[in-house]
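Enquirer: model this:
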Amino acid sequence: MSDSAAPPPRPSWRQTLLIYLEPASLRMLALGFAAGLPLLLVLGTLSFRLREAGIDRSTIGYLSWVGLAYGFKWLWAPLVDRLPLPLLTRWLGRRRSWLLFAQAVVVVGLVGMAFADPRQALGPIVGCALAVAWGSATQDIALDAFRIESADARVQGVLAAAYQTGYRLAMIWAGAGVLWIAARAQADAASAAGAALAQGAAGYDHGAWCTAYLVMAASMALGMLTVLLSPEPAPLALAPVQKLSAWLRGAVVEPFADFWRRYHWQAGLILALIAVYRISDVVMGIMANPFYVDLGFSKDEVAAVTKVYGVAMTLLGAFIGGALALRLGVMRVLMLGAVLSAGSNLLFAWLAGHGHDLRALVAVVSADNLAGGVASSAFVAYLSGLTNLRYSATQYALFSSIMLLLPKFVAGFSGRYVDAFGYAQFFTATALLGVPVLLLVWLAARFSRPE
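Expert: Numbers count the residues shown, from 1 in each chain. Reported below is the predicted structural model:
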């Protein structure tokens, strides 16, 4: 066997760590923040806000179907992959123009959510949340393609870890940060109104939530600035389109056909794994914030725990997941992440019976975020390795859509399940949803190889 066929040497730990400081990794850190910011603002944090405003759990569960926009993003992914935007594409390039446009939609939607009061009517806040979800999903499509096209497959695990670190930091900011801002604004308003009103500061305050969501809209500036300062990936040579039918085949049909040609019968196994890998986390997450409200935890308590311990454990989990994927292989870490994600849900079931205990909340949130960081880094690297660079945006959007479609649909019934059986049984059931995932990871590691 010739030397050219020998596998590349395994990088040292020092080389592995230095990759995290390269410009591509730092860009993905900032862009991951922009990608992660909108998600909780239309799902988890919104559920806390709605529950505090007196909206019932069943309605909150059904409203989580706003997140199905992420599950259907493959429908317009071909447009993002191929269609130029007037003026913007000529100025910024194909990937960055779509990124900036999607980020602008998110900002407008968040401003609308800031001023909509759910106690008056749910329609306006749901409509604005749909706009944020569409803009966020579109940003994900363009950003996934931008990441995959910006570096070779060897460092995708590290870029995925950097992306996930930024993503999780944004989720902490959009989860803990927004609660902290709302609590501070509410306390300041109550203090200004007088001591008598300060006693009622624990209830819903629309002005405080308005301030918090406006700050979140302003936080998208980090991602928009990064887009403007980042280089556009080298454009791939695409065949000129002469007819609509030819364009549809190249942009819509061919990306899906390419995946089936490369993986043959294993494609079904891969898609089944993608469809259920994050189901435990997603279904559980919709009721997490209403759970905190119903246990009597204040905005300050939830914010402090998720901001301090949650951030530390999320960063640690993302780092561990990315480094282990680079050294040991993605599939081993994928199995580890599946075990940890399902197991951490059982801790929430224990907390439901334990009651209001701040130290217990710290332990549960820390373990859950550590598990989520490991699982997410490995899963993003796995999905990235499945794509063909020529169709990166469309194929990755297909994978990430499949990942969310079933979990988001099931999560819509989470409020009714809690009303019927209680929180402890709900969290236990979400942990059991992760058991089939372990079998699918094992089968995928054994059989899923492109022929």
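Enquirer: helix or strand right after whatever helix or strand residue 409 lives in?
Expert: Per DSSP states H and E, residue 409 falls inside helix 392-411. Counting by DSSP H and E, the next helix or strand C-terminal to helix 392-411 is helix 414-421.
Enquirer: Could you name the helices and strands sitting against that following helix?
Expert: Helices and strands touching helix 414-421, by 3 or more CB pairs under 8 Å, 6 or more residues apart in numbering; DSSP states H and E, are helix 57-63, helix 279-295, helix 423-432. C-beta coordinates here come from the backbone N, C-alpha and C atoms, glycine included.
Enquirer: Where does the prediction get shaky in this structure?
Expert: 1-21, 151-157, 192-202, 234-248, 250-252, 307, 389, 392-394, 397, 448-451 (pLDDT under 70).
Enquirer: Pull out the buried residues from stretch 117-128.
Expert: 118, 122, 125-126, 128 (16 or more other CB atoms under 10 Å).
Enquirer: And the contacts of that stretch?
Expert: Contacts to stretch 117-128, defined as CB atoms under 8 Å, 6 or more residues apart in numbering, come from residues 46, 49-50, 53-55, 59, 63, 66, 109-110, 112-113, 116, 204, 206.
Enquirer: For burial, what's the neighbour tally of the closest residue to residue 295 other than its chain neighbours?
Expert: Distance criterion CB to CB, 6 or more residues apart in numbering; nearest residue to residue 295, sequence neighbours excluded, is residue 356 at 5.3 Å. Neighbour count for residue 356, taken as other CB atoms under 10 Å: 12.
Enquirer: and if you look at residue 447?
Expert: Neighbour tally, residue 447, other CB under 10 Å: 11.
Enquirer: and it, what is it in contact with?
Expert: 266, 269.
Enquirer: how close does it get to residue 331?
Expert: Separation of residue 447 from residue 331 (CB to CB, to the nearest Å) stands at 11 Å.
Enquirer: same deal with residue 366?
Expert: Taking CB to CB, one finds residue 366 at 26 Å from residue 331.
Enquirer: Those two - which one has more neighbours?
Expert: Just comparing residue 366 and residue 331: by other CB under 10 Å the higher neighbour count belongs to residue 366, 22 against 17.
Enquirer: Next, the contact list for the more buried one, please.
Expert: 309-310, 312-313.
Enquirer: remind me, longest helix of the chain?
Expert: helix 358-386 (DSSP state H).
Enquirer: any idea of the angle it forms with helix 392-411?
Expert: 140 degrees (axes from the mean of the first three to the mean of the last three CA atoms, to 10 degrees).
Enquirer: Run the chain-centre distance for helix 358-386.
Expert: In terms of CA atoms, centre = their mean, to the nearest Å, the centre of helix 358-386 is found 11 Å from the chain centre.
Enquirer: May I see the buried residues of it?
Expert: 361-362, 364-384, 386.
Enquirer: still on that earlier bit, give me whichever of the helices and strands packed on helix 414-421 is most buried.
Expert: Among those, ranked by average contacts under mean count of other CB atoms under 10 Å, first place goes to helix 279-295 (a mean of 23).
Enquirer: That one packs against which elements?
Expert: helix 44-52, helix 57-63, helix 330-354, helix 358-386, helix 392-411, helix 414-421, helix 423-432.
Enquirer: how about JSON lines for the ones you listed, with distance to residue 304 added?
Expert: Output for these, formatted as JSON lines (distance: least, CB to CB, whole Å):
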{"stretch": "helix 44-52", "distance to residue 304": "14"}
{"stretch": "helix 57-63", "distance to residue 304": "23"}
{"stretch": "helix 330-354", "distance to residue 304": "16"}
{"stretch": "helix 358-386", "distance to residue 304": "9"}
{"stretch": "helix 392-411", "distance to residue 304": "26"}
{"stretch": "helix 414-421", "distance to residue 304": "25"}
{"stretch": "helix 423-432", "distance to residue 304": "22"}
